[in-house]
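> missing the sequence, but the structure's below:
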């Protein structure tokens, strides 16, 4: 590179990363006023700054540096000054804190330390009496003693705690402390004591009493007002302060006080008057409140006025401050600060706490400081000072003058920069350098001249030929630096498969495609946005998942909900560009619930409904279904409507086929091509009008009862079908073959039985019967006619030749002779049995219908005497019983099974042997044994053997398995069965015993038997 190129090149500098570490204030001192006898005898004036290194501090009092090393009463804590053993003469004054570190110094605002006190009145003897005529005005002077700090005044009348109450006639000035009487009255005579309170020290002192005596030489006549208390001709007022003007006049009659501005401008609403207008108070005083104010005192004898001008003044306050600045060596500094105040503030400048003088390179004009051709010695802490007679303010900033060779350590070129072919590439050259460095660019070894003033190199419409290494070289008088990066040009990315607008049914799943073709050198990422919000695949993993490889960003949506309908945007980000493509997804679902279902009109069988449609959820509503519910239905039921089919454009329909006088609720369900939606909220409960019953009772029948009765029964009409209040039944009956109906009315809806009694009714006589319904609206239909027989008489004759035979310990057989033909019907016989006539609770009963004359009574106790009687019965009940007979059940069979059963199997012949069972005295004698074989395949082909011996032979099939059980048999019945003996087809030619005491020859067969026992 030739040196002649450098002057043509661009200067580049970077000072954005400079860190300013000079001191800056966190807390500045504030004015203090302390009681002279402060309880802790200590004052702390706050001062704290920040910086790096941490600032140090020094203090001055009234402009003189405080030597803290030789001052035992003053020391610092951090930057704050602590003064012990306070002394009014030594410690009163203006304090200023200086904070400094290696970068420079700054001064704080000035803070005053004052001491408040209140001395006693010099004389404590009674003051001279004040003699005054009635009606005359008078002033009682307070004359407060020496003090510091704000005072307030009050007066005691005669003795504490009776204080003088101010009104239009009496006034206590808070400026002088004096007590003013516009005119004296006899009740004012007494002693008056002035009470002085210091608001800072909270001290309170009392003057000597001043007697007020009424003269006896007459009453003072009326006279015009004389203003005794008035504000000065000129009143200075600070901005935002509270201004109070006092004005009080003596006079007879008592003068009235009024206020005005001589300019005629009315008072703003913030201005208030107090103490019967003796005080005018202006809070938050502003420039526009300044001017001449007039107090007017007036009575019927005349008037008087006092005027004074309130002038506005304000401490300086900043409009524009200076800020930390870093500039390169040889650059120019320009700082300007602006402040407002009244009077207008003057400006001065400090550097590191010392006055800056205008000379040579340094120029000061009003609030502006300029320094030309900066050098390193100009670095430091600067303060702009604005001051008027009411205050002084400081604005601080740090100036850093920089001198350094170029450096790319904070802004190097990227080692590899990728760019899309055809795009514009910007390469920035931003070295840190002071003074600014001049720079040039090289492409490989080729020097590039065309660049922007800030050192930026731009290449428009890049092609593959622009791919190369690019170097920025920066230079100033302190050195040279360079940074290099490689530019890679990639092919444009293309979207090969875009999403398209789609419609889908709720609950289904779908994949929205988003696929690209791109340069292999690029890093690619896919993201999806739904209705403008980025999809969080972790949070929304229940429904959303990105599928595909590095060049596919397909979006899978599972179990789609209605809320998933909207705009989906696929965003493809690469190193060099960002592309997007979008589609609209319409999710169709069943309609939403209709709303506001109301009954517009209702009759006894119809209801006209209206409703508002719900959301169609992407598919037009094709129709509606009306459902109803009553207290008598289970859940909601679809109802008939007119029109029969309610299409999707209709919002009204008439429900038909309703029952009269029933409370209904209705709801509407919408449907579309997707399906049925959720039902609407139910309508208000509405009752249909009443009507004559239209349903007759069913299942009319009856019969039975007692002599001379006609019993009629029916199925009651349900409440749902009663059609109104006052529901009841009309029962009509007549003998078969006659014409005239006898009627009876029952007014209880739930009754289902009516009994007509009349001694003339022949027994078992047929009647035509029908039952109708009625309510308050009238009579409804009758049922069809049924034939019902009147009550019949019980059989009049008892059975004869009754015999009983004990069959076993639990069974008795009863036999009797059938009755001959008698006038009454016989439907069957009833056997009654009991153990003892004195125990009616032991009665048992067995009925047998038809002509049978024999029955077995079972479940009886063994060895027990039973009494038995037989009677014939019909619908009227049982007739007379036969004379009782008795019979005793057998003793019970032995409760022990045969033991020591031995068996031998030779071929197909099974031989069994067992020990006899011996009955006890209370048991039936054993008469034989029952041998019961059973087989899975030949169950019905094998006969049970009854033998009176203790041995038996059975012929068994060799191809089957058997179970053998043996029971003792007696008159009392069968005894307890033995444990089953298992005989298996593999046991042919074996022996065994029921007690498991086997000979050695039998063991192998029994073992096989045990293995096969699972088949049972």
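Thanks, I have the structure now. The structure displayed is predicted, hence computed values, not measured ones. Residues are numbered from 1 along each chain as shown.
> contact partners for residue 926?
For residue 926, the contacting residues are 893-894, 916-919, 968-970, 975, by CB atoms under 8 Å, 6 or more residues apart in numbering. Yep, even glycine has a C-beta here, placed from its N, CA and C like the rest.
> beta-bridge partners for it, please?
Following DSSP bridges, residue 926 is listed with bridge partners residue 970.
> just the pLDDT for it.
Reported pLDDT at residue 926 in the predicted model: 88.
> again, but for residue 443
Residue 443 is assigned a pLDDT of 89 by the prediction.
> please report how far the closest residue to it other than its chain neighbours lies from residue 538.
Counting by CB to CB, 6 or more residues apart in numbering, residue 443 lies nearest to residue 468, which is 5.1 Å off, once chain neighbours are set aside. Summarising the geometry, the distance separating residue 468 from residue 538, computed by CB to CB, to the nearest Å, is 42 Å.
> out of these two, which sits in the more crowded spot?
Using other CB atoms under 10 Å as the criterion, residue 468 and residue 538 rank with residue 468 on top: 14 against 6.
> how many neighbouring residues does residue 843 have?
Using other CB under 10 Å as the criterion, the residues surrounding residue 843 number 12.
> so what's it up against?
Contacts of residue 843 (CB under 8 Å, 6+ apart): 832-834.
> in JSON lines, list those along with distance to residue 503, neighbour count and pLDDT.
Written out in JSON lines, the entries for the contacts of residue 843 read as follows (distance: CB to CB, whole Å; neighbours: other CB atoms under 10 Å; pLDDT from 0 to 100):
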{"residue": "832", "distance to residue 503": "83", "neighbour count": "18", "pLDDT": "93"}
{"residue": "833", "distance to residue 503": "84", "neighbour count": "23", "pLDDT": "92"}
{"residue": "834", "distance to residue 503": "86", "neighbour count": "19", "pLDDT": "90"}
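> make CSV out of these and add secondary structure.
Written out in CSV, the entries for the contacts of residue 843 read as follows (DSSP: H, G, I helix; E, B strand; the rest coil):
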residue, secondary structure
832, strand
833, strand
834, strand
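> ok, residue 411 touching residue 428?
Yes - with contacts counted by CB atoms under 8 Å, residue 411 reaches residue 428, the gap being 7.4 Å.
> who has more neighbours, these two?
Neighbour comparison, residue 411 and residue 428: the larger count goes to residue 411, with 17 against 14 (by other CB under 10 Å).
> what about the residue nearest to the more buried one when sequence neighbours are not counted, neighbour count?
Of all residues not flanking residue 411 in the chain, residue 430 sits nearest, at 4.3 Å (CB to CB, 6+ apart). When neighbours are counted by other CB under 10 Å, residue 430 registers 21.
> again with residue 460
Using other CB under 10 Å as the criterion, residue 460 is surrounded by 9 other residues.
> ok, now which ones touch it?
Applying CB under 8 Å, 6+ apart, the residues near residue 460 are residue 424.
> pLDDT score assigned to it?
pLDDT, read off for residue 460, is 91.
> what about residue 416, how many residues close to it?
The burial count assigned to residue 416 is 11, neighbours taken as other CB under 10 Å.
> okay but residue 804 is in contact with residue 885, surely?
Yes - distance between residue 804 and residue 885: 5.6 Å, which falls inside the contact criterion (CB under 8 Å).
> comparing these two, which residue is more hemmed in?
Using other CB under 10 Å, the more surrounded residue of residue 804 and residue 885 is residue 804, with 21 against 15.
> the residue nearest to residue 411 contacts residue 437, doesn't it?
No - applying CB under 8 Å as the test, residue 430 and residue 437 come out as separate, 10.0 Å apart.
> tell me the centre residue of the chain?
residue 539 (19.6 Å; CA atoms, centre = their mean).
> tell me the pLDDT of it.
The confidence metric pLDDT takes the value 90 at residue 539.
> contacting residues around it?
When contacts are counted by CB under 8 Å, 6+ apart, residue 539 touches no other residue.
> what about it, which helix or strand?
Residue 539 belongs to no helix or strand when elements are defined using DSSP states H and E.
> and it, how far from residue 440?
For residue 539, the distance to residue 440 under the criterion CB to CB works out to 52 Å.
> again, but for residue 798
145 Å.
> before we move on, what about residue 915?
Here the criterion is CB to CB. By it, residue 915 lies 131 Å from residue 440.
> the more surrounded of those two?
In terms of neighbours (other CB under 10 Å), residue 440 is the more surrounded of residue 915 and residue 440; the figures are 23 against 11.
> including pLDDT and neighbour count, could the contacts of residue 926 go into TSV?
Written out in TSV, the entries for the contacts of residue 926 read as follows (pLDDT from 0 to 100; neighbours: other CB atoms under 10 Å):
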residue	pLDDT	neighbour count
893	91	26
894	90	24
916	92	11
917	89	24
918	88	11
919	86	21
968	88	28
969	90	20
970	89	22
975	86	25
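> so which of these comes closest to residue 378?
When the contacts of residue 926 are compared for distance to residue 378 (CB to CB), residue 975 comes out closest, at 133.6 Å.
> backbone dihedrals for that closest one, please?
phi -90, psi -160 (degrees, to the nearest 10).
> hmm, it is touching residue 894, no?
Yes - with contact defined as CB under 8 Å, residue 975 reaches residue 894; the gap is 4.7 Å.
> joint contacts of those two?
Common neighbours of residue 975 and residue 894 are listed as 917, 926, 968 (criterion: CB under 8 Å, 6+ apart).
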